[in-house]
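Colleague: When you get a sec, could you give me coordinates for this:
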Amino acid sequence: MSDLQRLAPTDVSNSPEYSLAAYQYSLPPEKIAQTPVTPRDASRLLVVESPTTHCHQHFRDLPALLQPGDLLVLNDTRVIPARLLGYKPSGAQVEVFLLEEQGNDQWLALVRPGRRLKPGATVHFGPNPDQPDLVAQVLATDPETNGRLLKFKYSGKTPLFTLFEHLGEVPLPPYITDRAASPDQYQTVYAENPGAVAAPTAGLHFTPELLERLEERGVGRSHITLHVGVGTFRPVETDNILDHKMHGEWIDVSAETVAQIAATKARGGRVIAVGTTVVRALEGAAQEGELQPYRGKVNLFIYPGYRYRAIDGLITNFHLPGSSLLMLVSALVGRERLLELYETAIEQDYRFYSFGDAMLILPEAVQAIATGPQVP
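Modeller: Take a look at the predicted model:
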């Protein structure tokens, strides 16, 4: 399977569903959550029960809202300390923001200031500039991101990710201006595989105790890995969303997870994705017609008209206007319906974005959409 790309309708001539302007909404700045609630599962939960009804709960109520035999699929990626401060040999400070691992100790990164960091330049990291713990050499520029391809060099047996832990810091999204939150609060409690530069935020609401209660309820749990990159949160900038070029993301959907999903569906259970990253991973791995194990990159762009193959419901946070994530959720419940729900959330003082509250879209709310005509 090669890199998987968007699925587009054949005739989209005048439909408002494909206009970027149709995915805008006005959010008062004070609705953007700056810190998470404690405990994590005390966050509010907007439950979409049907195509016309919804109710207000809390995330801790999730066991009662799901059924025995349902399956939650979570993204077990772990956010790395992707922001590094280093120095040029001249002593000038350089900020490096890691974007994506390229293999062989190479990373695509944004650098600031970057204008003078041409191929061949080096950046040193560590408290002693004369004996750096880590050195990055610029191999090439990347026109798409205006970033740099860096090759990291280090001595000793300390793994590169461990050096990142010592030298870097976990980045928070730019709309979080209050830095009171700790790095641990920007990790899910089940984070395991390092590689993300942003958190799969729908999973931030879970606590060990809540996971235990879900297990006692008979709700199963499975995992995929998708290393979230900053491209996930980049706004769509083309007036016609079909002209948007989706970024590629590395995913790992294991044979075990595929088997768990198949068994769940066979016994009549529902597959609930925890976050849009899980949606893109599972749907990306199902593009040959049915879900199958897959490791590699996908750049699947999901928008209204798409028929879901792998998932039945979704837990998700509230997303930025004009984002591909907003379009993905619109494909589940319809664009107008979703914007109405967002308006309700604003009126009811829900907290938005990464540290904000959540929405549970139950399968009963998406059946009409999910069984509609398949996008070619």
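Colleague: for the protein, where's the lowest mean pLDDT among helices and strands?
Modeller: helix 367-370 (a mean of 48; mean pLDDT, DSSP states H and E).
Colleague: Could I get the phi/psi values of Gly168?
Modeller: phi -110, psi -180 (degrees, to the nearest 10).
Colleague: Just the buried residues of stretch 246-266, please?
Modeller: 246-254, 257-258, 260-261, 264 (16 or more other Cβ atoms under 10 Å). The way it works is simple: take the backbone N, C-alpha and C, and place the C-beta from them, glycine included.
Colleague: scratch that, stretch 218-225
Modeller: Going by 16+ other Cβ under 10 Å, stretch 218-225 has these buried residues: 219-220, 222-225.
Colleague: swap in stretch 169-182?
Modeller: 170-173, 176, 181.
Colleague: do stretch 90-100 as well
Modeller: Here stretch 90-100 shows 94, 96-100 as buried, counting by 16+ other Cβ under 10 Å.
Colleague: of all the residues you listed, which comes closest to Leu74?
Modeller: Set against Leu74, the nearest of those by Cβ to Cβ is Glu100 (21.5 Å).
Colleague: list the helices and strands the longest strand along the chain packs on?
Modeller: For the chain, the strand that runs over the most residues, judged by DSSP state E, is strand 93-103. Using 3 or more Cβ pairs under 8 Å, 6 or more residues apart in numbering; DSSP states H and E, the elements in contact with strand 93-103 are strand 83-87, strand 106-112, strand 147-153.
Colleague: Closest one of the buried residues of stretch 90-100 to Gln67?
Modeller: Glu100 (37.8 Å).
Colleague: circling back to that earlier point, reformat the helices and strands packed on strand 93-103 as CSV; add mean neighbour count.
Modeller: Output for those, formatted as CSV (neighbours: other Cβ atoms under 10 Å):
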stretch, mean neighbour count
strand 83-87, 18
strand 106-112, 19
strand 147-153, 20
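Colleague: Of the ones you listed, which is nearest Glu215?
Modeller: strand 83-87 (35.7 Å).
Colleague: neighbouring contacts of the closest one?
Modeller: 93-98, 123-125, 129, 134, 136, 164, 167-171 (Cβ atoms under 8 Å, 6 or more residues apart in numbering).
Colleague: still on that earlier bit, let's have the helices and strands packed on strand 93-103 in TSV, adding mean pLDDT.
Modeller: Conversion of those to TSV gives the following (pLDDT from 0 to 100):
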stretch	mean pLDDT
strand 83-87	95
strand 106-112	94
strand 147-153	95
